[in-house]
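Engineer: I'll drop the sequence and a predicted model, then ask my questions.
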Amino acid sequence: MFLLSFLLNWPLWHWEQNIKLLFQFNLFAFPPRRTAVEMNSLVLWKVVFLLLGLSGVGSDVGTDEVSVMEGDSVTLNTGVTTNQQEDIKWYFKDTRIAQITGDLSKICTDVQCNEGTERFRDRLKLDHQTGTLTITNITNTDSGEYTLEIINSGNTGENIFSVSVHDRPATERDEVKEGESVTFDPGVINPSDSMMWYFNNIPIAEITGNQSKICADDQCKERFTDRLKLDHQTGSLTITHTRNTHSGEYELEINSSFSIRRKFPLLTVIAVPGSGLSPGVIAGICVAVVLLAACCCCCCCDLLSQVYRKKEKIQDAAQWPPGREW
């Protein structure tokens, strides 16, 4: 029992180092001149390796935790190109759902891979260049482990994506009144993730590492005019003093060892009576009113001047009757 407990608690990297040393010095052989202690030690090591081989300890299978919301599109990356591999297979709970060979002689997804199984119903997309798998419009029933199997030159590598699908928060807003603020919250994110926000498929904000960028082009700057606020800690995007031109579709793309594309409810900005005119239009109206008032003043002054001159002529005519010398 002591030996078993010792073996189970021995760090994995110690096993790896000892295995390398044993192969390096050919300690699996039994030379004739070995002491009893050395012989017992070698027997012990052989038992250990047998146990490790039977239990599968030391197999290199990575696991990525993926958290998404209903309706998202999630892309599970392979990190390879298909032309350098013999075969790439995807499994969902031990059921093959996608496969592509390096020579593209066999490509299948969902029902094509398993006749009679139509779980995803045309929601799987397989990249022919990389073997990357995309699940669109994901649902709660799609939660589980997705296993990637890559076969190359007889060697098989595996990676597991543990996907958790959550309900969308009830606090998401699809309507705001003009002048109000609205915030789009991405939920829990990894600080190392890169993020890109889109408005009607046009990039408007980006977070990469410690850097953030808002409105890189003039069209975005003209539309939002310093109304976008990006929280670098949470990744949330806020629009202040909304206008009717901010109505549309907002999307978020999160990139890591996987990619998530999240659509938010279509935003509608409702006009408020009395606030339908933009500040620019109001300023133009004010200028026009001032100019009109100035013109009226000029006309009035000219008219009064003419009346005053006529009055003076009448008075002069009364003081100097016809025929009288000046």
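Structural biologist: Ah, there it is.

Engineer: Might you list the low-confidence residue ranges for the stretch 201-326 of the chain?
Structural biologist: 274-282, 307-308, 311-326 (pLDDT under 70).

Engineer: ok, which stretches of it are helices?
Structural biologist: Ranges of helices within the stretch 201-326 of the chain are 218-224, 279-319, based on DSSP state H, counting those that start in this stretch.

Engineer: helices or strands up against the shortest one?
Structural biologist: Using 3 or more C-beta pairs under 8 Å, 6 or more residues apart in numbering; DSSP states H and E as the contact criterion, the secondary-structure elements in contact with helix 218-224 are strand 202-208. (C-beta placed from N, C-alpha, C; glycine too.)

Engineer: And the contacts of the strand it packs on?
Structural biologist: Here strand 202-208 makes contact (C-beta atoms under 8 Å, 6 or more residues apart in numbering) with 194-198, 212-216, 219-220, 224, 228, 230, 232, 235, 237.

Engineer: likewise stretch 126-140?
Structural biologist: For stretch 126-140, contacts defined as C-beta under 8 Å, 6+ apart pick out 68, 70-82, 85, 88, 90, 97-98, 100, 104, 107, 109, 120, 123-125, 142, 146, 148, 150, 163, 165, 167.

Engineer: Of those residues, select the buried ones using a ChimeraX command.
Structural biologist: Selection of buried members from the contacts of stretch 126-140 for ChimeraX, criterion 16 or more other C-beta atoms under 10 Å:
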select :68,71,72,73,74,75,76,77,78,80,82,85,88,90,97,98,100,109,120,123,124,142,146,148,150,163,165
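
Engineer: follow-up on the earlier one: just the buried subset of the contacts of strand 202-208, please.
Structural biologist: 195-198, 214-215, 220, 224, 228, 230, 235, 237.

Engineer: CSV for those, including distance to N114?
Structural biologist: Shown next, in CSV, are those (distance: C-beta to C-beta, whole Å):
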residue, distance to N114
M195, 36
M196, 35
W197, 38
Y198, 35
I214, 46
C215, 47
C220, 46
F224, 48
L228, 46
L230, 44
G235, 38
L237, 41
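
Engineer: What about those, which are in strands?
Structural biologist: Using DSSP state E, the subset of these located in strands is 195-198, 214, 228, 230, 237.

Engineer: burial measure for F92, as a count.
Structural biologist: 22 (other C-beta atoms under 10 Å).

Engineer: Any idea what it is bridged to?
Structural biologist: Residues in a beta bridge with F92, per DSSP bridges, are T95, Y146.

Engineer: which ones are touching it?
Structural biologist: Contacts of F92 (C-beta under 8 Å, 6+ apart): 119, 144-147.

Engineer: go again using 10 Å as the cut-off
Structural biologist: Residues near F92 by C-beta atoms under 10 Å, 6 or more residues apart in numbering: 98, 110, 117, 119-120, 124, 133, 135, 142, 144-147, 161, 163.

Engineer: In those, find the pair that's most separated.
Structural biologist: The most widely separated members of the contacts of F92 are T117 and F161, with 19.5 Å between them, by C-beta to C-beta.

Engineer: How much space separates K229 from E158?
Structural biologist: 43 Å (C-beta to C-beta, to the nearest Å).

Engineer: let me fix that: C297
Structural biologist: 86 Å.

Engineer: So which of these two has more stuff around it?
Structural biologist: E158 (15 against 10).

Engineer: Correct me if wrong, but that one is in a helix.
Structural biologist: No - read with DSSP: H, G, I helix; E, B strand; the rest coil, E158 is strand and lies in no helix.

Engineer: Which pLDDT value belongs to it?
Structural biologist: Looking at E158, its pLDDT stands at 92.
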